[in-house]
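Trainee: predicted coordinates and the sequence they were generated for:
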Amino acid sequence: MYRRRLRLCCGALAAGLLLAGCSGAEDRGPEGAGSEEADAKDAAPSSPSPSATGLDFTPDPGRAPDTRAEAERLVRIVGAAPVDLGPGYVRRSPYQSEPGYWPVLDANCVWQREPLPDTALASLTRYMELPAEDGKGPIRVAAVVTVHPTVVDAEWEMAETLEEALRCPDQQLRQGERITGLLSQGADFGLMGNFTSEDTLTEAGEYFSDQLGGPHYYYSVQSRLSQVTVAVVGKGAKGRSDEEVDAALLQGVTQMLSRAEIELEAQE
């Protein structure tokens, strides 16, 4: 299953890169409190029978989390760890947010962390980077996984994410960090190379940092499988190629979708 998803996910991400646009679910906003619970691997969402999109995925409603405790277990399993992004990636500090909060883009286009609404059971963001070396700046990556009570709730998150770039093409991530000129693009299963999720979003823009300067490459990918959404955001730096950032995003999304599928799929 891992091999199948890796092969198919390449097409989805490549298509998004050619379109210069996609979704916004990155490190979005202030970094959360660090947790020492290490890189567990677990997941869970729901949707009856095979996916209505035609995706080769049949979720088991009995395996879908319906409590916060079950959802928190799932986000820790599904969430990407440094090893999922490629050689050399390490944890940042803090490493991960608290699962009872999630990022919200406020009316002033500034990302904030707020308590989860009733439409989300758990959300976890992990912060990682490829450290600076040999005159090259760090590549910083954030991986987000969110479990919703229902598929409809997850679909609404995807729709709202797509709208955010239209509402706020310029956004402040946190103090001293911002992105500008965001473009978003969405694709259902089977469209624009998306053969790995029920729907996917990509987002592209320019990243500026008081510490690292700019403009630098900014890209994010967000995908949905049943009631679970996963996203990986990458921020480039001096001396780093776009392809280096893309490679980390591809691997991160691939691994998270694979784990979500394993946790949610009906067993034969």
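Mentor: Structure's in. What do you need?

Trainee: point out where the chain drops to low pLDDT.
Mentor: Confidence mapping of the chain against pLDDT under 70 gives the ranges 1-55, 186-198, 268.

Trainee: and the most centrally placed residue in it, what are its bridge partners?
Mentor: With distances taken as Cα atoms, centre = their mean, the residue of the chain nearest its centroid is residue 231 (0.9 Å). Taking DSSP bridges, one obtains residue 144, residue 222 as the residues bridged to residue 231.

Trainee: isn't it up against residue 154?
Mentor: No - assessed by Cβ atoms under 8 Å, residue 231 is found out of contact with residue 154, at 12.0 Å. Just so you know, the C-beta spots here come from the backbone N, C-alpha and C atoms, and that holds for glycine as well.

Trainee: what about the helices in this protein?
Mentor: 2-18, 68-78, 82-85, 151-167, 242-264 (DSSP state H).

Trainee: so which of those helices comes closest to residue 205?
Mentor: Nearest of the helices of the chain to residue 205, taken as Cβ to Cβ: helix 151-167 at 7.9 Å.

Trainee: quick one: that closest one to chain centroid distance?
Mentor: 13 Å (Cα atoms, centre = their mean, to the nearest Å).

Trainee: before we move on, back to that, can the helices of the chain go into TSV with extra columns for mean neighbour count?
Mentor: Converted to TSV, the helices of the chain look like this (neighbours: other Cβ atoms under 10 Å):
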stretch	mean neighbour count
helix 2-18	18
helix 68-78	22
helix 82-85	21
helix 151-167	18
helix 242-264	23
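
Trainee: can you put the ones you listed in CSV and add distance to residue 202?
Mentor: Below are the helices of the chain laid out as CSV (distance: least, Cβ to Cβ, whole Å):
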stretch, distance to residue 202
helix 2-18, 3
helix 68-78, 20
helix 82-85, 17
helix 151-167, 10
helix 242-264, 9
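
Trainee: tell me which of those sits nearest to residue 135.
Mentor: helix 242-264 (14.3 Å).

Trainee: quick one, strands of the stretch 1-150 of the chain?
Mentor: 90-96, 101-105, 111-115, 122-130, 139-147 (DSSP state E, counting those that start in this stretch).

Trainee: ok so, going back, tell me which of the helices of the chain lies nearest to residue 185.
Mentor: Across those, residue 185 has its closest neighbour in helix 2-18 (6.5 Å, Cβ to Cβ).

Trainee: can you say which of the strands of the stretch 1-150 of the chain is packed in most?
Mentor: With neighbours taken as mean count of other Cβ atoms under 10 Å, those reach their highest mean count in strand 139-147, at a mean of 29.

Trainee: other SSEs contacting that one?
Mentor: helix 68-78, strand 122-130, strand 228-235, helix 242-264 (3 or more Cβ pairs under 8 Å, 6 or more residues apart in numbering; DSSP states H and E).

Trainee: out of the ones you listed, which gets nearest to residue 165?
Mentor: Of all the helices and strands packed on strand 139-147, it is strand 228-235 that lies closest to residue 165, at 12.7 Å by Cβ to Cβ.

Trainee: which strands or helices does that closest one pack on?
Mentor: helix 68-78, strand 139-147, helix 151-167, strand 213-225, helix 242-264.

Trainee: that strand: which residues count as buried?
Mentor: For strand 228-235, burial by neighbour count (16 or more other Cβ atoms under 10 Å) applies to 228, 229, 230, 231, 232, 233, 234, 235.

Trainee: how big is the angle separating that strand from strand 122-130?
Mentor: 30 degrees (axes from the mean of the first three to the mean of the last three Cα atoms, to 10 degrees).

Trainee: off-centre distance for strand 228-235?
Mentor: 1 Å.

Trainee: likewise for stretch 126-133?
Mentor: Distance, centroid of stretch 126-133 to centroid of chain: 16 Å (Cα atoms, centre = their mean).

Trainee: one more: stretch 84-98?
Mentor: Taking Cα atoms, centre = their mean, one finds the center of stretch 84-98 at 14 Å from the center of the full chain.

Trainee: mind checking the end-to-end distance for that stretch?
Mentor: 21 Å (Cα to Cα, to the nearest Å).

Trainee: how far away is the closest residue to residue 100 other than its chain neighbours from residue 64?
Mentor: Nearest residue to residue 100 in three dimensions, chain neighbours excluded: residue 116, at 5.9 Å (Cβ to Cβ, 6 or more residues apart in numbering). Distance, residue 116 to residue 64, by Cβ to Cβ, to the nearest Å: 17 Å.
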